[in-house]
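*Asks:* prediction below, plus the sequence it came from.
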Amino acid sequence: MNKIRVGIIGCGVIGSALAKAIEKNFFGLAELTAVNDLDKAKTIKLVSSLTGNPGVLSIEELISASDLVIEAASKDISADTAHKALSKGKNIMVMSVGGLVGREDVLRLADQKSCRLYIPSGALCGLDGVKAASMGGVNSVTLTTRKPPLGLEGAPYVVKSKIDLNAIKQETVLFEGTVLEAVQGFPKNINVAAALSLAGIGPVKTKVKIVTSPEYKSNSHEVKVQGEFGILITKTENLPSPQNPKTSLLAVLSAIAALKQILEHTKIGT
C-alpha cells in the first residue's frame, strides 16, 4: 500500500507535533513530504528535529507534492489554503477553523471536487453528540468559554470596547453574541466556536458567551445543546501545551487523533 504523502503548513506546536507523530506513530501509513512556515527559524528547528528530510516548499509547491495537506498556521490563510488544495483535488485538514466561518464556498468546493475537508474537534469535547443531534431538530446551541483576562488581551472586541482587563476583579461576562460576531471580536480565541457551529446549526444560530475572571487559571468550554433528542451538556477544562501556553494540549492531541482516523480504516464516533 502506498503511503499517503502529507504536507504541513505551519511549524508551530500543532504542526510540529503532527510531523513527529507521522515519523513515530504513522510511519507505515504516511510520509511527511514537505513543510511550510513564514517563520524560517521555526521551519529549520522542526526539520532538524526529524529523522526524515521533508522539503521546505512554498504553499503552492507543497499542495502539488501532497495527497493530504494539513493547515496549522493561521485563520488568516486557512480558507484560501483550503480553497487552493481542494481546487487541485487534494484532501485537506484545517486546524484554524475560525477562518472557514463565512466561507461556505470552501465547503461547497469540497463536495464539487469530491475531496475531503477534515475539521478536528480541537480543544472541545462533544462534537460527536452535536453532529448526531443536528440530524434531528435542534432548538439551541450555546458555547460558554471561560478564560483568564490575559488570554483575551488584544482581542479586537476588547480593544474596541475599551475594556480594561486589569480592572476586572470578579467573574465578568465580556461578550454575548453569535459565532459570526465572535469570529470578528475574538479571532484568536474562536476555533472551538467555529467547529461547534459547523458541526451543528451554523454560525448565525450558534450563540457564544465569553466570561473572564482573575480567579481563572485555565481555559474551559461548556457546550449546551437542546433539541428533540433531549439536552446535551459538556464541559472541557483545558491545560496548556507545555511547548506553548497559548495552545491547549487537547487541541494538539485532537490533531494527532484526527490524522490517525484519516489514515486508519476503523472509524470510531459519529
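*Replies:* Received it, and whenever you're ready, just let me know what you need. None of these values were measured; they are calculated from a predicted model.

*Asks:* use CA for all of it now, contacts and neighbours both
*Replies:* Noted.

*Asks:* quick one, grab the pLDDT at the spatially closest residue to A73 that is not a sequence neighbour.
*Replies:* Using C-alpha to C-alpha, 6 or more residues apart in numbering and skipping the chain neighbours, the partner closest in space to A73 is G10 (4.2 Å). With respect to pLDDT, G10 scores 97.

*Asks:* was I right about G10 contacting N36?
*Replies:* Yes: here G10 reaches N36: they are 5.9 Å apart, a contact under C-alpha atoms under 8 Å.

*Asks:* so for those two, which sits in the more crowded spot?
*Replies:* Each of G10 and N36 has its neighbours counted (other C-alpha atoms under 10 Å); N36 has more, 25 against 21.

*Asks:* one step back: ok, now which ones touch the residue nearest to A73?
*Replies:* 35-38, 71-74 (C-alpha atoms under 8 Å, 6 or more residues apart in numbering).

*Asks:* contacts only, for the residue lying closest to G28 once chain neighbours are set aside.
*Replies:* With C-alpha to C-alpha, 6+ apart as the criterion, G28 has its nearest non-adjacent residue at 7.0 Å, and that residue is K3. Shown in contact with K3 (C-alpha under 8 Å, 6+ apart): 28-31.

*Asks:* which stretches of the stretch 101-250 of the chain form helices?
*Replies:* For the stretch 101-250 of the chain, the helices defined by DSSP state H, counting those that start in this stretch occupy 104-112, 127-133, 156-160, 179-185, 191-199, 249-263.

*Asks:* report the mean per-residue pLDDT for the first one.
*Replies:* Per-residue confidence for helix 104-112 averages out to 96 on the pLDDT scale.

*Asks:* list the buried ones in it?
*Replies:* Going by neighbour count (16 or more other C-alpha atoms under 10 Å), the buried part of helix 104-112 is 106-107, 109-110.

*Asks:* likewise the third one?
*Replies:* Taking 16+ other C-alpha under 10 Å as the basis for neighbour counts, the residues of helix 156-160 that come out buried are 156-158.

*Asks:* which of those residues lies closest to L150?
*Replies:* For the buried residues of helix 156-160, the closest approach to L150 (C-alpha to C-alpha) belongs to V158, at 11.5 Å.

*Asks:* report the separation between the closest one and L165.
*Replies:* Distance, V158 to L165, by C-alpha to C-alpha, to the nearest Å: 8 Å.

*Asks:* what do you get for E237?
*Replies:* Using C-alpha to C-alpha, E237 is found at 22 Å from L165.

*Asks:* next one: I256
*Replies:* Separation of I256 from L165 (C-alpha to C-alpha): 34 Å.

*Asks:* who has more neighbours out of these two?
*Replies:* Of the pair I256 and L165, I256 is the one with more neighbours under other C-alpha under 10 Å, namely 22 against 19.

*Asks:* for stretch 57-74, buried residues please.
*Replies:* For stretch 57-74, the neighbour count (16+ other C-alpha under 10 Å) marks 57, 59, 62-74 as buried.

*Asks:* now do the same contact list for S220.
*Replies:* By C-alpha under 8 Å, 6+ apart, S220 lies in contact with 145-147, 235-238.

*Asks:* can you read off the pLDDT for the residue nearest the centre of the chain?
*Replies:* Nearest residue to the geometric centre of the chain (C-alpha atoms, centre = their mean): M95, 3.4 Å. We have a pLDDT of 96 for M95.

*Asks:* what does M1 give?
*Replies:* Looking at M1, its pLDDT is 65.

*Asks:* number of residues surrounding the residue lying closest to A123 once chain neighbours are set aside?
*Replies:* Distance criterion C-alpha to C-alpha, 6+ apart; nearest residue to A123, sequence neighbours excluded, is A251 at 4.4 Å. Neighbourhood size, A251 [other C-alpha under 10 Å]: 23.
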